[in-house]
Structure formats: C-alpha cells, structure tokens
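J.: coordinates for the following, if possible.
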Amino acid sequence: MNGFAYWWHRTQPVDHAILIIGVLFLALPIWMIFASSGYPPEYLIQNGVQFWPGDQLIQTYDSVLHDRRGFTQQITATRMLMNSFILGIGFAVGKIVVSMMAAYAIVYFRFPLASLLFWLIFSTLLLPLEVRIIPSYKVVADLGLLNSYTGLIVPLIASATGTFFFRQFFRSVPEEILEAARLDGAGPWKFFIDILVPISKTMIAALFIIMFVVGWNQYLWPLLMTTNDDYVTIVYGIKSVMQNIDESRIPEYNRGFALAILALLPPIGVVLIFQKMFIKGLLESDK
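T.: Numbering: from 1, shown residues only. Purely as a prediction, here's the structure:
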C-alpha cells in the first residue's frame, strides 16, 4: 500500500502537467480569437490573428451587441443570442420530455410490439437530419411554420438516443418501487411525475447539457427554416458577418471573432452549472 501511495505521489505532477498542456492546447486558439477581436479588420488582414488583445476590444463587443445589421438592418447579436437560447432550450426540453414519455410507455405499459416499436425508433439514428431535411422542410412549409420558433424546434425534438437512455434507466428501476406505488394508489401519471422524474434528475441533467449544445450549434436547419432576420441564430450570424463585405471590401473579421466568443459563453455556462449532475447522470451512480 505504501508503494502504491509513493507511486501515486510521484506521478501526480506528471498527470497535472499533461492536463495543463491539454488545457492550454485547447484554450490557446480561443484566446487568440478573443484577442484578435480587438483589432480592426485591416490590421488582421495584414498581420493575421494576434496574441495580445487590441485597444478596440470593448468597442467591438459593444458594437456587436447593439448595432443593428442584417438585410433589414434590425438584427443585433443580442437578438441572435436570444434566438439561439430559445432554440437550445426548446430543443433540449422537447427531446427530454418526448424521450421520457416514449421510454415510459415502452417499459411500463408493456403493450404488444413494444420492443419492435423501440427498435424502429432506435433505427432512426441511421437517418440524421441531413438525410431527411428536404421532406422535413416540406412538412413544415405545408403547415405554415416557416419563420417561427415552433418550426425551428418541434420537427427536431424526437430523439432515439434519449429514448434509448431513458429506456435503459427505467428498466434498472426496481419493480418494488412500482408495486409500492400501486399499493399507495398512485396511477400511471402520478407514478411518472412523483417517482420516475425525481429519480431521473441526473440523467435529465446529462441529456439536457448534450441536447442544449446540439440545439445551440444547429446551423443547417435554421438556415433553411428562416428567411426573416428576427429568427437568425448566433451560429448563422457568424457566417453572415464573415461574408459581409463593407464599403472597403474587407470582411469584418473582428466582429466575426467577437460573435464566435459570444456563441461559446452560454454552452460553457450550462456545462459549468450542471457539471456535477452531468457526471452523475453519465455514470448512472445516483438513482
């Protein structure tokens, strides 16, 4: 035991050094983008990305957050962040609710062909959004849901991955809990709300983080669904800014870098807030 403790003590500095190098390797490009956002586009064209922040840093972020741009000259980064936040929250919450209810029906109602229906749902993983995007767009257009939050969110909330994880989790719940709920007179809805949802909170947190980040980073679907600047998301806004040519024919790289940094902040905040529950949910150690 003493030998193991000595070996562990000797290897800790090496482990920490490897972790620090990894963090620096991942954080350095982000820092350089942040620093470069403080320089005018002409300077970045001539000298490339910079390591030290420029003197226009505050001015750039203030301009990005409040200046109205876009085809209608009405969209700001603040509005794009709000649109992305609505999409991310709706995407995550919708997928969790639909997945939990589907898994609950498959596991506890035990109707005929339940297993077959589950594997049919699971097989939809072979059909990503890019494969079915044209028919999905046609359905949304026929329903008149283009340029709306409903059209952005609802077609994406079905989740085979979420259904699979909740199905496996619900199958691990002891049968004694279901029997005790029946003895107490709890119906199917009460059992779901008062028992299954509370004990699934770590799994919900883990999936919420994953789904929020996926929804936040959606690009292709909002690109097709929105022709109105009022529904532009931050990810699409970055591309629009980088392609925007002003009177001097120079792309606004500083604004694009600033938008990229702003786009990173909400997902990072969500991960930090739910970090502990995220780890517990992935390890399934808190049931």
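
J.: any weak-confidence spans in this structure?
T.: The model of the chain has pLDDT under 70 over residues 1-11, 70-74, 242-249, 281-287.

J.: center of it - which residue?
T.: residue 213 (1.2 Å; CA atoms, centre = their mean).

J.: next, it: secondary structure please.
T.: Look at residue 213: counting by DSSP: H, G, I helix; E, B strand; the rest coil, its state is helix.

J.: that one against residue 270, yeah?
T.: Yes - contact status for residue 213 versus residue 270: in contact at 7.4 Å, counting by CB atoms under 8 Å. The C-beta positions use only the backbone N, C-alpha and C, and glycine is treated the same way.

J.: can you show me the helices along the stretch 51-200 of the chain?
T.: 57-66, 77-104, 114-123, 129-142, 149-153, 160-171, 175-183, 188-191, 197-199 (DSSP state H, counting those that start in this stretch).

J.: got CSV for those helices, with distance to residue 220 too?
T.: Output for the helices of the stretch 51-200 of the chain, formatted as CSV (distance: least, CB to CB, whole Å):
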stretch, distance to residue 220
helix 57-66, 24
helix 77-104, 13
helix 114-123, 22
helix 129-142, 7
helix 149-153, 12
helix 160-171, 19
helix 175-183, 42
helix 188-191, 37
helix 197-199, 33
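
J.: residues touching residue 171, list them.
T.: residue 107 (CB atoms under 8 Å, 6 or more residues apart in numbering).

J.: and the gap between it and residue 133?
T.: The gap separating residue 171 from residue 133 is 33 Å, by CB to CB, to the nearest Å.

J.: with residue 79 instead?
T.: 25 Å.

J.: before we move on, what about residue 237?
T.: Counting by CB to CB, the gap from residue 237 to residue 133 is 21 Å.

J.: these two: who's more crowded?
T.: residue 237 (27 against 15; other CB atoms under 10 Å).

J.: isn't the more buried one up against residue 79?
T.: No - contact criterion CB under 8 Å: residue 237 and residue 79 do not qualify, at 9.1 Å.

J.: tell me the contacts of the closest residue to residue 31 other than its chain neighbours?
T.: Spatially, and ignoring its direct neighbours in sequence, residue 31 is nearest to residue 51 (7.7 Å; CB to CB, 6 or more residues apart in numbering). Contact partners of residue 51, counting by CB under 8 Å, 6+ apart, are 31, 32, 35.
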